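K.L.:
with the input below, show me the fold.
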Amino acid sequence: MNHEENRVIFVVGGARSGKSRFGEQLVLRLPGKAVYIATGEVTDEEMKERIARHQQRREGLFERTVEEPLDLAGAVMAQPENSVLLVDCLSVYLGNLFYHEKPAFSYSRLDSLYEALTETTNTIILISNEVGEGIVPDNEMSRIYRDAHGWMNQKVASIADVVIRMTCGIPQYIKGETL
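P.N.:
Residues are numbered from 1 along each chain as shown. Below is the predicted model:
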């Protein structure tokens, strides 16, 4: 693959598998202006602390941070050329869509994101959880989220040039070349 063209890199794994840290290290190894696109919103004290830890860990590593909980496609397309974007994370983004716009309305936002991934001229690294390997959730909304999340991950993986699964902090390349 020509490293001068844009690439979509998808990093997926379980909770605390090392996805974010790996993505942060990877974006800094690639040529271009490092841009962090954060999808998290402060909804309670625990989330506030979680976001603060992420901000502290990446302090001084990125040229810019963009906070965008809903219009991820717009945030991706608005970044300057010659940037390397790190989106952390799609799981939180999908939860935001479900919370703010309800599941039925979230699919048009996802379609816009998929289109942006194919149109951007920048390299983009997307982080997402793998939520389909656990137990079947005990309530309808959680099952709808799990299903939509699985479909989202499948679509992003189909668009991606490189797919990396993180397990215990170890990257496993399942699609594309080793970076």
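K.L.:
any idea where the helices of the protein begin and end?
P.N.:
With DSSP state H as the criterion, the chain has helices at 19-29, 45-58, 72-77, 90-119, 140-159.
K.L.:
for Met166, which of those is the nearest?
P.N.:
Nearest to Met166 among the helices of the chain is helix 19-29 (4.8 Å), distances taken as Cβ to Cβ. Any C-beta I mention is one placed from the backbone N, CA and C, and that applies to glycine too.
K.L.:
which of the helices and strands in this protein ranks last by mean pLDDT?
P.N.:
Every helix and strand of the chain was ranked by mean pLDDT, DSSP states H and E. The lowest is helix 45-58, at a mean of 86.
K.L.:
would you mark the buried spots in that one?
P.N.:
Within helix 45-58, the residues scored as buried using 16 or more other Cβ atoms under 10 Å are Ile51, His54, Arg58.
K.L.:
kindly report the same for stretch 155-168.
P.N.:
Val156, Ala157, Ile159, Ala160, Val162, Val163, Ile164, Arg165, Met166.
K.L.:
settle this for me: the fifth one is touching Gly23, isn't it.
P.N.:
The one in question is Val162. No: with contact defined as Cβ atoms under 8 Å, Val162 does not reach Gly23; the gap is 11.8 Å.
K.L.:
which residues of this protein score low on pLDDT?
P.N.:
Counting by pLDDT under 70, the ranges of the chain that qualify are 1-5.
K.L.:
tell me the buried residues in stretch 127-146?
P.N.:
For stretch 127-146, a neighbour-count test (16+ other Cβ under 10 Å) marks Ile127, Ser128, Asn129, Glu130, Val131, Tyr145, Arg146 as buried.
K.L.:
what separation do you get for the last one and Lys19?
P.N.:
With the distance defined as Cβ to Cβ, to the nearest Å, Arg146 ends up 18 Å from Lys19.
K.L.:
same question for the fifth one.
P.N.:
Distance of Val131 to Lys19, computed by Cβ to Cβ: 13 Å.
K.L.:
and the gap between the residue located most distally from the centre of the chain and Arg146?
P.N.:
Farthest-out residue of the chain from its mean C-alpha position, per Cα atoms, centre = their mean: Asp138, at 26.0 Å. Distance, Asp138 to Arg146, by Cβ to Cβ: 11 Å.
K.L.:
got it, and Val156?
P.N.:
With the distance defined as Cβ to Cβ, Val156 ends up 16 Å from Arg146.
K.L.:
for Val12, same thing?
P.N.:
Noted for Val12: a distance of 14 Å to Arg146, by Cβ to Cβ.
K.L.:
do the same with Thr178
P.N.:
Thr178 is 30 Å from Arg146, by Cβ to Cβ.
K.L.:
repeat that for Gly74.
P.N.:
Applying Cβ to Cβ, the value for Gly74 to Arg146 is 26 Å.
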